[in-house]
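Q: Predicted coordinates and the sequence they were generated for:
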Amino acid sequence: MPLKAFLLSLALLTGCTSIPDNVEPVQSFDINRFLGQWYEVARLDHSFESGLSNVTATYALRDDQGISVINRGFSAEKEQWSEAIGKAYFVDKNDIGHLKVSFWGPFYSSYVIFELGENYDYAFVSGYSKDYLWLLSRTPQVDPSIMEKFITDANKKGFDTSKLIMVGQE
């Protein structure tokens, strides 16, 4: 592989585990408190979740010190469940809420937890760019004050919250 192609590939791969401007991952992160099932309450839409409702994410420890990830959602159009199985690892220290997640082979993308409820009952998450944003909760719905905080904080950080989708959780 020519050096130019190698450097471009390297830049693309490392860029996908970067953190968007004005987004800071949580410190003193405790993965053991984060494990388990989360409900997706709101998101910026993207092709791999488009049209899905009842979306959940389940996290568990792996034998290799990583985290297994199972994302599941229902497609009303196809009348079937969709599931994606992946793995995640900390990008830096294991007490910083910045992970890299992969659902496709060796390709990883950022998973940045930038806000957590005191009891790990909700989480604000971004990807490597401001095109990716999620509100996760331990329950299918959140208190309106949490939704308001999510929208306000995300706006201040430069996310386009006018495009948020409220995820149905029946």
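A: All right, it came through fine.
Q: From here on, just use CA atoms for contacts and neighbour counts.
A: Fine.
Q: in the protein, which spans are helices?
A: Along the chain, counting by DSSP state H, helices occupy 3-15, 31-34, 144-156.
Q: Contacts for stretch 37-55 next, please.
A: 56-59, 71-77, 131-142, 161, 163-170 (C-alpha atoms under 8 Å, 6 or more residues apart in numbering).
Q: okay, and for this structure, where does confidence drop off?
A: 1-15 (pLDDT under 70).
Q: Just the strands from it, written as ranges.
A: All strands of the chain, identified by DSSP state E, fall at 36-44, 52-61, 67-75, 80-90, 98-104, 107-116, 122-126, 133-137, 164-166.
Q: Report the inter-axis angle for the first one versus strand 133-137.
A: Between strand 36-44 and strand 133-137, the angle formed by their directions is 140 degrees, by axes from the mean of the first three to the mean of the last three C-alpha atoms, to 10 degrees.
Q: again with the fifth one
A: In terms of direction (the same axes, to 10 degrees), strand 98-104 departs from strand 133-137 by 100 degrees.
Q: buried sites along strand 98-104?
A: If you call a residue buried by 16 or more other C-alpha atoms under 10 Å, then strand 98-104 has these buried ones: 98-103.
Q: okay if I get the strands of the chain as CSV plus distance to Phe29?
A: Putting those into CSV (distance: least, C-alpha to C-alpha, whole Å) gives the following:
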stretch, distance to Phe29
strand 36-44, 15
strand 52-61, 15
strand 67-75, 14
strand 80-90, 11
strand 98-104, 9
strand 107-116, 9
strand 122-126, 12
strand 133-137, 16
strand 164-166, 26
